[in-house]
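K.L.:
I would like to see how this sequence folds:
(one chain, ligands or ions: 1)
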Amino acid sequence: MDHFLYRDGALYAEDVPVAEIAAAVGTPFYVYSTATLVRHFRLFDEALEGMDHLVCYAMKAASNQAILKTLAAEGAGMDVVSGGEYRRARAAGVPGDRIVFSGVGKTAEEIRTALEGGIRQFNVESEPEMEVLSAVASQMGKTAPITIRVNPDVDAKTHAKIATGKSENKFGIPISRAREVYAMAAALPGIEVIGIDVHIGSQLTELEPFELAYQKVAELTETLRADGHDIRRLDLGGGLGIPYARSNEAPPLPVDYGALIKRTVGHLGCEIEIEPGRLIVGNAGILVSEVIYVKSGEGRDFLILDGAMNDLIRPAMYEAYHDIIPVIEPAPAAEQAPFDIVGPVCETGDTFARQRMMPPLSAGDLVAFRSAGAYGAVMASEYNSRPLVPEVLVNGDQFAVIRPRPTFDEMINRDTIPEWL
Ligand code: LLP
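P.N.:
Presented below is the predicted three-dimensional model:
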């Protein structure tokens, strides 16, 4: 459920007409709904009720300061994967003890930043990383709390580019070698092993892969405890999917996911962390764009929008489906026709949808890409020298630009000219 609904024939973001934002900000732009963000965070928080837990929002999904502040005010922790994300989380007022640091390639510099600023735990992904962490922490006279990310060799049944839990993926240490690596960790100075971390992929639309992975984590917890490790925290990662095509998709709900967590690891008495990103922000954001031209091609018609692959790369990158709806509600009897929906960028990859049935649209009409809040604005670029897409946040009947569109001068003047030119 989200808060982007038609009212009296026009699309609203909560209580604000989307067309009003478009008139103020220009297109394309992202707009997020505070009520949806908060609602989705609470669904996870409530799903884990009764367990000692922290929901750490995977801020890679959307990392605007205003979004982070909205979630932090709800008590969210943050899952960060770079020094930049760590700084963003701190800048939004998130205390270090609510930040977990994930990622396969943390540099010594990033580790130092997090140790200086305060960190809840590092999710370590390899032996060499563990050695660097141990050395940096020892040098600073600190003890870094760690979990070790295990790779459970489970098929997440999602797009290959976002599956992370199979043995051939770069993530985590093979679960078969876990005992050895935990023994190594216990012997290193500057680190303290407190738990286990797992994350098997993103946009999972079934619970079964989670179940398999969490069962393996439960078994491993008991094995490692028997080996003498004080395993007291489990970070179970993110990955719960969202419905992209409203008409025919119904992925599991956070409450079912919570019940699964209780069933698989609840008996261990561990503190539980989860790292959802997409489900919190995905359906809390839309991308609004204007039709520039309706073009007739050879055997097909094109809707050419002012938004492009540089603004929303998911269709080009993952063959992702996004519902695209007119901002003015079509009449119930409006006849639909197939269109290829494309952006102005000079490559065929800049295609949002092929042969999508759409109601009649003309140049100047606005359309909205639904479910675009996660991995939308954060993956945007200025390819084709198109200024970075702006972001807007709605809260009830108010809206605010939370990242303005750069001017052309700002974009161009970021470049610097060598003295020989
Ligand atoms: N934790 C870790 C360690 C992760 O790598 C990820 C996502 C998450 C949590 C959050 O997963 P979520 O709840 O959002 O599924 N750009 C891609 C998705 C990449 C996901 C990367 N890792 C897309 O647009 O589909």
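
K.L.:
When you work out contacts or count neighbours from here on, use the C-alpha atoms and nothing else.
P.N.:
Noted.

K.L.:
Tell me the spacing between Ile146 and Pro360.
P.N.:
Computed as CA to CA, to the nearest Å, the Ile146 to Pro360 distance reads 56 Å.

K.L.:
do Gly50 as well
P.N.:
51 Å.

K.L.:
Compare Ile146 and Pro360 (neighbour count), which wins?
P.N.:
Shown here are Ile146 and Pro360; by other CA atoms under 10 Å, Ile146 has more neighbours (25 against 14).

K.L.:
From the ligand, how far off is that one?
P.N.:
Distance of Ile146 to the ligand, computed by CA to the nearest ligand atom, to the nearest Å: 14 Å.

K.L.:
Also Gly237?
P.N.:
Plainly put, Gly237 is 5 Å away from the ligand if you go by CA to the nearest ligand atom.

K.L.:
For that residue, list the residues it contacts.
P.N.:
Gly237 is in contact with 197-200, 273-276, counting by CA atoms under 8 Å, 6 or more residues apart in numbering.

K.L.:
try Val394
P.N.:
Val394 touches 13-14, 16, 31-34, 400, counting by CA under 8 Å, 6+ apart.

K.L.:
In the residues you listed, find the pair that's most separated.
P.N.:
Glu14 and Ala400 (13.1 Å; CA to CA).

K.L.:
Now for Cys354: which residues touch it?
P.N.:
You called it Cys, but residue 354 is Arg. The neighbours of Arg354, taking CA under 8 Å, 6+ apart as the test, are 339-341.

K.L.:
Could I get these in a markdown table, plus columns for pLDDT?
P.N.:
Shown next, in a markdown table, are the contacts of Arg354 (pLDDT from 0 to 100):
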| residue | pLDDT |
| --- | --- |
| Phe339 | 98 |
| Asp340 | 98 |
| Ile341 | 98 |
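
K.L.:
Contacting the ligand as well, which ones from those residues?
P.N.:
Contacts with the ligand within the contacts of Arg354, counted by CA under 6 Å from any ligand atom: none were found.

K.L.:
Contacts only, for the residue minimising distance to the centre of the chain.
P.N.:
For the chain, the residue nearest the mean C-alpha position is Ala61 (2.2 Å; CA atoms, centre = their mean). Shown in contact with Ala61 (CA under 8 Å, 6+ apart): 277-278, 281-282, 373-376, 378.

K.L.:
what do you get if the cut-off is 6 Å, keeping everything else the same?
P.N.:
277, 374-375 (CA atoms under 6 Å, 6 or more residues apart in numbering).

K.L.:
Kindly list the main-chain dihedrals of it?
P.N.:
Here is the backbone geometry of Ala61 (degrees, to the nearest 10): phi -70, psi -40.

K.L.:
how many neighbours does Ala76 have?
P.N.:
When neighbours are counted by other CA under 10 Å, Ala76 registers 21.

K.L.:
quick one: least confident helix or strand in this protein?
P.N.:
strand 173-174 (a mean of 95; mean pLDDT, DSSP states H and E).

K.L.:
That strand - which strands sit beside it in the sheet, and in what orientation?
P.N.:
Paired neighbours of strand 173-174 in the sheet (DSSP bridges): strand 144-151 (parallel).

K.L.:
how near is Thr113 to the ligand?
P.N.:
For Thr113, the distance to the ligand (CA to the nearest ligand atom) stands at 19 Å.

K.L.:
What is the burial count for the nearest residue to that residue once chain neighbours are set aside?
P.N.:
Closest residue in space to Thr113, ignoring its immediate chain neighbours: Gly83 at 6.9 Å, by CA to CA, 6 or more residues apart in numbering. By the criterion of other CA under 10 Å, Gly83 has 18 neighbours.

K.L.:
Report pLDDT for Gly83.
P.N.:
Confidence at Gly83, expressed as pLDDT, is 98.

K.L.:
ok, it touching Glu109?
P.N.:
No. Gly83 is not in contact with Glu109 according to CA atoms under 6 Å; the separation is 8.1 Å.

K.L.:
hey, what's in contact with both of these two?
P.N.:
In contact with both Gly83 and Glu109: no residue, using CA under 6 Å, 6+ apart.

K.L.:
Who has more neighbours out of Glu14 and Ala400?
P.N.:
Ranked by neighbour count (other CA under 10 Å), Glu14 and Ala400 place Glu14 first, with 23 against 15.

K.L.:
Distance-wise, check the more buried one relative to Tyr6.
P.N.:
Glu14 sits 10 Å away from Tyr6, going by CA to CA.
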